[in-house]
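S.K.: Fold the stuff below for me.
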Amino acid sequence: MKAAVYYENGAPSVFRYEEVPDPIPGPGEMLIGVEVVSIEGGDTLNRLGGPLVTVPHVVGYQCAGTVLSVGPDVSGFAVGDRVVSLAFHGSHAELRVAHPLTTWKIPDGLATELAACVPVAYGTAHDGLFEFGRLAEGETALVHAGAGGVGLAAIQMAKRAGARVIATASSDERLERLGPFGLDDGINYREKDFAAEVRSLTNNRGADVILDSVGGENLQKSLTALAYRGRCVTFGNAGRGEVTKLDTSMLGGSNQSLIGYFLGPELFVGSRAYAMIANVLEEVAAGDLRVEIDRRFALADAEEAHAFIESRQAFGRVVLLTE
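M.R.: Have a look, this model is predicted:
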C-alpha cells in the first residue's frame, strides 16, 4: 500500500510518500480501505516528537473508509460497511487495521469525509463540556481555539445546551465566521487579554466551563477566568508549550476544578463514550451539528497538509484523500 511515512521526528518535511507492507489484521480486527484521513492535533504532535512504533512510521489517529475484511472474532461489522475508526497510529495510509471498540458505522446519508472528522473532535468537545465540565443551561462556556475542530464542535454543542458561548481566535475575521455556529462573544487573543475580557463580559463572574486545548501559559490564564465553582478542562496541548509549574493555589478559595482529559481511555472503560460518539454521528447526519472542512489534500501531500495546519490558518478540519 501507499502511505505517508517518516523515519524520524521533525517538521512536516520529514514525510515521504512510499510503498510499505500492507497491515495484517488479527482475529478481533478488521481491515479498512482508507478513503479520508482527518488530521488531528495529536497527529502533528506525534510527528514532532511521538514514538516511532514502526520504521518507517505511519502516523495518525482517525480515518474513514470501507471494511475490506473482518476477523473471526468481530461482530457487528461486515465487508462493505462504511466506517470511521480510531487507533493510536496508522491513519495516513491506504489501508488501516481497525478494532471494533474504536470503529463506528457511518449513518446513511452522511458523507464519508464528514464522518471522518467526527469522533476525536466531537467526542472531545462533548465530553469536555458535559461529562467532565458538567455544563448546564444558563451557564457560560469559554472555548479556546474556537476555529479549530474541537472548538467548532464545542461552540455548537454549548449553544444547543442553552449556555452563553465565548470563544477565542486569532483574528476578528475568524471570530465573525463563528457567529453562525452559535458564538455569543468572541475574543481576539492577539489583541486582547482573554481572561480580562471574560471577566468584563460576565460582570467579573467568569466562565463556568473552560475548554483549554492550548496548555502552557494559556492554561494558567484560563484558571484566572473561572467563575465560582468553575471547571477548566485541559486537553491536547496544541500550543506545544510547557510550563514547569502551574499555580493552582487560587482554585480552593473558589471551589474550582482543573480536569485533565483524553478521549482514548474513555473508550476502553465501558460503553458510554462509544455510544456518545455514535449518537453524535447521527446528529451530524441529521444536520443538527455541522462539520466544516477547510482544505482537502491528497495523501501524497501530507507534508503540505501538516504545514497548513501548523500555520494556524485552518478554519475547521483538514483532510487527506487517498484518491
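S.K.: mind checking pLDDT for the residue most central in space within the chain?
M.R.: Centroid check for the chain by C-alpha atoms, centre = their mean gives A121 as the closest residue, at 2.9 Å. A121 is assigned 97 on the pLDDT scale.
S.K.: So which elements touch the strand or helix carrying it?
M.R.: Taking DSSP states H and E as the definition, A121 sits inside helix 119-126. Where contact means 3 or more C-beta pairs under 8 Å, 6 or more residues apart in numbering; DSSP states H and E, helix 119-126 is packed against strand 82-86, helix 149-160, helix 263-266, helix 272-285. C-beta here means a position set from N, CA and C on the backbone, and glycine is covered the same way.
S.K.: would you list the ones you listed in JSON lines and tack on mean neighbour count and distance to G33?
M.R.: Formatted as JSON lines, the helices and strands packed on helix 119-126 follow (neighbours: other C-beta atoms under 10 Å; distance: least, C-beta to C-beta, whole Å):
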{"stretch": "strand 82-86", "mean neighbour count": "23", "distance to G33": "10"}
{"stretch": "helix 149-160", "mean neighbour count": "26", "distance to G33": "24"}
{"stretch": "helix 263-266", "mean neighbour count": "16", "distance to G33": "24"}
{"stretch": "helix 272-285", "mean neighbour count": "18", "distance to G33": "19"}
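S.K.: Output these in TSV; the columns should cover mean pLDDT and distance to N188.
M.R.: Below are the helices and strands packed on helix 119-126 laid out as TSV (pLDDT from 0 to 100; distance: least, C-beta to C-beta, whole Å):
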stretch	mean pLDDT	distance to N188
strand 82-86	98	33
helix 149-160	98	14
helix 263-266	95	29
helix 272-285	98	29
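S.K.: closest to A141 out of the ones you listed?
M.R.: Across the helices and strands packed on helix 119-126, A141 has its closest neighbour in helix 149-160 (4.2 Å, C-beta to C-beta).
S.K.: Now do the helix or strand just after that closest one, average pLDDT.
M.R.: Using DSSP H and E, the helix or strand that follows helix 149-160 in sequence is strand 164-169. What strand 164-169 shows for mean pLDDT is 98.
S.K.: how about the very next helix or strand once past strand 164-169 as PDB, C-alpha atoms only?
M.R.: Note on strand 164-169: by DSSP H and E, the next helix or strand toward the C-terminus is helix 172-177. Taking Å, rounded to 0.1, in the frame of the first residue of the first chain, the C-alpha atoms of helix 172-177 are listed here in PDB:
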ATOM      1  CA  ASP A 172     -11.600  39.300  14.100                       C
ATOM      2  CA  GLU A 173     -12.400  37.700  10.700                       C
ATOM      3  CA  ARG A 174     -12.200  34.200  12.200                       C
ATOM      4  CA  LEU A 175     -14.400  35.300  15.100                       C
ATOM      5  CA  GLU A 176     -17.000  36.600  12.700                       C
ATOM      6  CA  ARG A 177     -17.200  33.300  10.900                       C
END
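S.K.: now for helix 172-177, which elements pack on it?
M.R.: Short answer (3+ C-beta pairs under 8 Å, 6+ apart): helix 172-177 packs on strand 185-188.
S.K.: and the strand it packs on, how far from the chain's centre?
M.R.: 21 Å (C-alpha atoms, centre = their mean, to the nearest Å).
S.K.: Now do the contacts for F15.
M.R.: A4, V5, Y6, R47, A302, E303, H306 (C-beta atoms under 8 Å, 6 or more residues apart in numbering).
S.K.: any idea how far it lies from G60?
M.R.: Applying C-beta to C-beta, to the nearest Å, the value for F15 to G60 is 11 Å.
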